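Undergrad: Pasting a predicted model and its sequence here:
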Number of protein chains: 2
Amino acid sequence: MSSRLKDVAALAGVSIRTVSNVVSGSASVAEETRARVQRALDELGYRPNLAARNLRAGRTGLIGLAIPELHSPYFGELAGLIVEAARQRSWTVVIDQTFGDPDAERRLLDGTGGRLVDGLIISPWSLSPEELTAQARSVPVVLLGERHPHGLADRVAVDNVLAADEATTHLIGTGRRRIAAVGLQPHLRNGTAHQRLEGYRTALRRAGIEPDPRLERTVTTLHRSDGAEAMTALLEDGVRPDAVFAFSDELALGALHTAHRHGLRVPRDLAVVGFDGIEDALYANPALTTVAPDKRQIAERALQCLADRIYSPAAGVPPLDIVVPHRLEIRASSHAS
Amino acid sequence: MSSRLKDVAALAGVSIRTVSNVVSGSASVAEETRARVQRALDELGYRPNLAARNLRAGRTGLIGLAIPELHSPYFGELAGLIVEAARQRSWTVVIDQTFGDPDAERRLLDGTGGRLVDGLIISPWSLSPEELTAQARSVPVVLLGERHPHGLADRVAVDNVLAADEATTHLIGTGRRRIAAVGLQPHLRNGTAHQRLEGYRTALRRAGIEPDPRLERTVTTLHRSDGAEAMTALLEDGVRPDAVFAFSDELALGALHTAHRHGLRVPRDLAVVGFDGIEDALYANPALTTVAPDKRQIAERALQCLADRIYSPAAGVPPLDIVVPHRLEIRASSHAS
DNA sequence: ATGAAAGCGCTAACAG
DNA sequence: CTGTTAGCGCTTTCAT
C-alpha cells in the first residue's frame, strides 16, 4: 500500500508534523532535517492522500461541470476551455453528462448523492427557469445559457435574441426572403431555442416579412442528423426556402449535407447560417457562416463567478447575469446568391 | 453551513450511528425511528460529505481521464463514452488535458500532486513507450493507443498497422497509385503515427508500389488546419497525389477543404480517407471514408480493466493488451474515380 | 435495534 | 525549530 506521513516520519526519525511541513513547504525546517525527510519521502514514494487533505480543509478543489453531452462539438470545445480555465485556478473538473434528463439536472443541482464539488457549472436543457429556481443548492452554481428569472444563481450567456436577429438580418441582406428557422424545441422547457426564434421573427418583421409557420421547424435534438431530417422535410414539403438559419452548427451542417444531396448549390440556391462557432463550421464545404459566442470568455467568466462565490466572505453579492459577446462569422455558405 | 450526521442525530434524538444506517440503508432500523430520522434529514437538507466518506473508505470513486485535448472530436466522443461507462459503474470522471505535454503526462502517471483518483486512463502523446514504463504508478493505469513494450500497464487500442494497411489497400483498389500519407509526427515519441505509416507502406509494397518519401507528410498536430496546410504543400510541391490517407479525420477534413478550394473534385481527382470515425466524417461533403475504431468498446474495455485492477484481490494478473476492432467505413470521398 | 468510540490521513493550534 | 494532539465527517466494530 501507499505510505502515509506517519511512515515517512518513522523512517526519517522525526515527527509527523515536520514531515508535513516539508511536504507543504509552509513552515521553516532546518536544512539538515529537511534533507533527511526528503530522502525518506523519496524512498517511500510518498503521495499525499487528497481525501484526507480535503476533509481537513473543508474543500475538495473539485468543481462539477454538467453538460448535456460531451461528444457534441460545441460542448466539447466549451468543456475543454473550462477544464483549462479551472486548471489555471488549481481546480480539477469532474464531468457529468445529463443528456438533457431533467432528473439528472435536478439531482446535480440539489446535491443529492452527496457533496463532492466546491461549485457547479451547469448547462441546463430540460429544466424550466422556474424549476431551476426551485432547486435547493448546496454549493455555488453558475448557469450557462439559460435565463434565470428570479436570479438565484449567476448566469453566463450570449444575448440569444440579439444574435439570432443579427443572423437573420444578415440573410435578409443577401436578398433572401424565405428563410427557414431550424431548431425549435418545444418539448424542452429550456428557453434558448425560444429566444433565438424570437430574434429571428423580430428580424423578419422589421424587414416587412411575415413569419411563415411552415418555415419554422422543430427538432428533437441539435445533432447533424436532425438538421438533415429537417432539411429533407423542408424540401419535400415544397415550402421552397432560399435560406436556413439553424439554431446550432450541427443542425446547419446536417442541412448543408442534405442540400448537397439534393443537388442544391450553397449559397447560390440556398444560404445556410449556423450557431455556436464550432471548428467544423470553418472547414465545411462551403465554409459555414455562424454565430460564434466567445466560448473562452464564457469559460473564464463562469469560473470567475465560482471563484468569487467560493472564496468571498459573505453571500451578499447579488446574482450576476453576465452577457458574453458573440460574433457573426460570415463565410461562403451565406454569400449573396 | 451544511449539516452533518451529528446535527441530524441531535435533532432526531438518536445516535449518529442510527442516522448513518438510515442514510446508507444498510442495517435495519425500526420503522418509527427511521421515519423520525428521515424527517430530520429532510428538514436539515443533509448531504453526505464525500471527502469524509472517501477518507474512511480508502477509495474516492473517482477515476482520472487524461487526454491531449477535449475539443477535438475524437477525444470529445471518446471522453463522452468513458464518462458514461464510468457512470454505469458508479464512478465519476475527472478530466485532465495534457496537450501532449510530456511533463504533464509524467506528472499524472507518477501521481505527483497527490493521490485523488482510484485509477487512471491515459492517452499518451509525447512519452515514448520506454518512458511510460519507467514511470512509477500509484494507482492502476490503462493506456489508450500507445503500445507498452514491457507490459506494465493494461493497454487498449486498435491494430494501427492493420487498419492503415486496409485503408491504403482500399485506395489502391479504387485505382489510385500516388497515395499521400498525411500525419507523420516524428517530434513525438508516441508510436501511433509510426504504426500507421508502417501499415501504409506495407500495403503499397504489396501492390508493387514503392513508397515515395515526398508523399509522406509531417504535421505538427492532428488538427484540420494541419491537414489543410499539408494538402496545400502537396499540391504546391507538384507531387500530384491522386489520393490522401490522413492519420486522423481532422487532418482529412482539412485536406478536403483545401482540395475544394483548389478546385479539385473529390473523389474524381482526389480520393481522401481519414482515421477515427468521428461524426463529422459522415456529414462532410462529400462524406468522408474513415477507419473507425469501436470507440464504445474502447471505453468499455478500458473501464473493465480498471475495475478488475481496483477491485480484484492480488496484482497477479499480467497486463492485458486488448485489441479493439475497427471498421473501414467506405463513403463517397473514396469512391472509384 | 441502538449507542459509544476508534480511526481513516492530514493540518494546525498549542507547547516546549 | 520540532513534538503532541485535536478534530475534519464518516463508517463500523464492539457493546448493550
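TA: Noted; the coordinates are in hand.
Undergrad: what are the ranges of the helices in the stretch 101-250 of chain A?
TA: Counting by DSSP state H, counting those that start in this stretch, residue ranges of the helices within the stretch 101-250 of chain A are A:102-110, A:129-134, A:160-173, A:192-206, A:224-236, A:249-261.
Undergrad: for the helix or strand of chain A with the lowest mean pLDDT, packing partners?
TA: Using mean pLDDT, DSSP states H and E, the weakest-scoring helix or strand in chain A turns out to be helix A:129-134, at a mean of 77. The elements that helix A:129-134 packs onto, with contact taken as 3 or more C-beta pairs under 8 Å, 6 or more residues apart in numbering or on different chains; DSSP states H and E, are helix A:102-110. Using the backbone N, CA and C atoms, a C-beta is placed for each residue, glycine as well.
Undergrad: What residues sit buried inside the helix it packs on?
TA: Residues of helix A:102-110 classed as buried: A:102, A:104-109 (neighbour count, 16 or more other C-beta atoms under 10 Å in any protein chain shown).
Undergrad: Give the rounded mean pLDDT of that helix.
TA: Mean per-residue pLDDT for helix A:102-110: 91.
Undergrad: Residue of the stretch 101-250 of chain A closest to DNA strand C, please.
TA: Proximity of the stretch 101-250 of chain A to DNA strand C (C-beta to the nearest atom of the strand) peaks at residue A:114, 15.5 Å away.
Undergrad: Show the contacting residues for that residue.
TA: Neighbouring residues of residue A:114 by C-beta atoms under 8 Å, 6 or more residues apart in numbering or on different chains: B:47-50, B:53.
Undergrad: Highest mean neighbour count out of the helices of the stretch 101-250 of chain A?
TA: helix A:249-261 (a mean of 27; mean count of other C-beta atoms under 10 Å in any protein chain shown).
Undergrad: which element follows that one toward the C-terminus?
TA: As assigned by DSSP states H and E, the chain's next helix or strand after helix A:249-261 is strand A:271-275.
Undergrad: Partner strands of that next one, with direction?
TA: If you go by DSSP bridges, strand A:271-275 pairs up with strand A:243-246 (parallel), strand A:289-293 (parallel).
Undergrad: Just the buried residues of it, please?
TA: So, applying 16+ other C-beta under 10 Å, buried residues of strand A:271-275: A:271-275.
Undergrad: what sits up against that strand?
TA: Outside strand A:271-275, the residues within contact range by C-beta under 8 Å, 6+ apart are A:163-164, A:167, A:170-171, A:174, A:176, A:183, A:196, A:242-253, A:255-256, A:259, A:266, A:281, A:288-291, A:333-335, A:337.
Undergrad: Now do the contacts for residue A:89.
TA: Per C-beta under 8 Å, 6+ apart, neighbours of residue A:89: A:303, A:307.
Undergrad: now swap in residue A:199 and tell me
TA: Here residue A:199 is in contact with A:160-168 (criterion: C-beta under 8 Å, 6+ apart).
Undergrad: if we look at DNA strand C, which of the buried residues of strand A:271-275 are close to it?
TA: The subset of the buried residues of strand A:271-275 within reach of DNA strand C, by C-beta under 7 Å from any atom of the strand, is empty.
Undergrad: What's the nearest residue in the stretch 51-200 of chain A when you look at DNA strand D?
TA: Proximity of the stretch 51-200 of chain A to DNA strand D (C-beta to the nearest atom of the strand) peaks at residue A:56, 3.8 Å away.
Undergrad: part of a strand, is that residue?
TA: No - applying DSSP: H, G, I helix; E, B strand; the rest coil, one finds residue A:56 to be helix, outside a strand.
Undergrad: residues near it, how many?
TA: 10 (other C-beta atoms under 10 Å in any protein chain shown).
Undergrad: measure it to residue B:266 for me?
TA: Between residue A:56 and residue B:266 the distance is 60 Å, computed by C-beta to C-beta, to the nearest Å.
Undergrad: among the helices of the stretch 101-250 of chain A, which gets the worst mean confidence?
TA: Mean pLDDT is lowest for helix A:129-134 out of those, coming in at a mean of 77.
Undergrad: For the nearest residue to residue A:98 once chain neighbours are set aside, give its distance to residue A:166.
TA: In space, and not counting its chain neighbours, residue A:98 is closest to residue A:104: 4.2 Å by C-beta to C-beta, 6 or more residues apart in numbering or on different chains. Here the distance between residue A:104 and residue A:166 works out to 33 Å (C-beta to C-beta).
Undergrad: now residue A:187
TA: 27 Å.
Undergrad: Residue A:317: how many residues sit nearby?
TA: Residue A:317: 12 neighbours (other C-beta under 10 Å).
Undergrad: Contacts only, for the residue nearest to residue A:210 when sequence neighbours are not counted.
TA: Closest residue to residue A:210 in three dimensions, ignoring its sequence neighbours and counting by C-beta to C-beta, 6+ apart: residue A:204, at 7.3 Å. By C-beta under 8 Å, 6+ apart, the contact list for residue A:204 reads A:168, A:172, A:179, A:210-211.
Undergrad: wait, residue A:244 sits on residue A:269?
TA: No - Residue A:244 is beyond contact range of residue A:269, at 11.3 Å (criterion: C-beta atoms under 8 Å).
Undergrad: between those two, which one's more packed in?
TA: Counting neighbours by other C-beta under 10 Å for residue A:244 and for residue A:269 shows that residue A:244 has the greater number, 33 against 14.
Undergrad: who does the more buried one bridge with?
TA: With DSSP bridges as the rule, residue A:244 is bridged to residue A:180, residue A:272.
Undergrad: do the same with residue A:157
TA: With DSSP bridges as the criterion, residue A:157 is bridged to residue A:323.
Undergrad: Just to check, it is in contact with residue A:124?
TA: No - in this structure, residue A:157 is not within contact of residue A:124 by C-beta under 8 Å, at 11.2 Å.
Undergrad: Since that was my last question, I'll sign off now.
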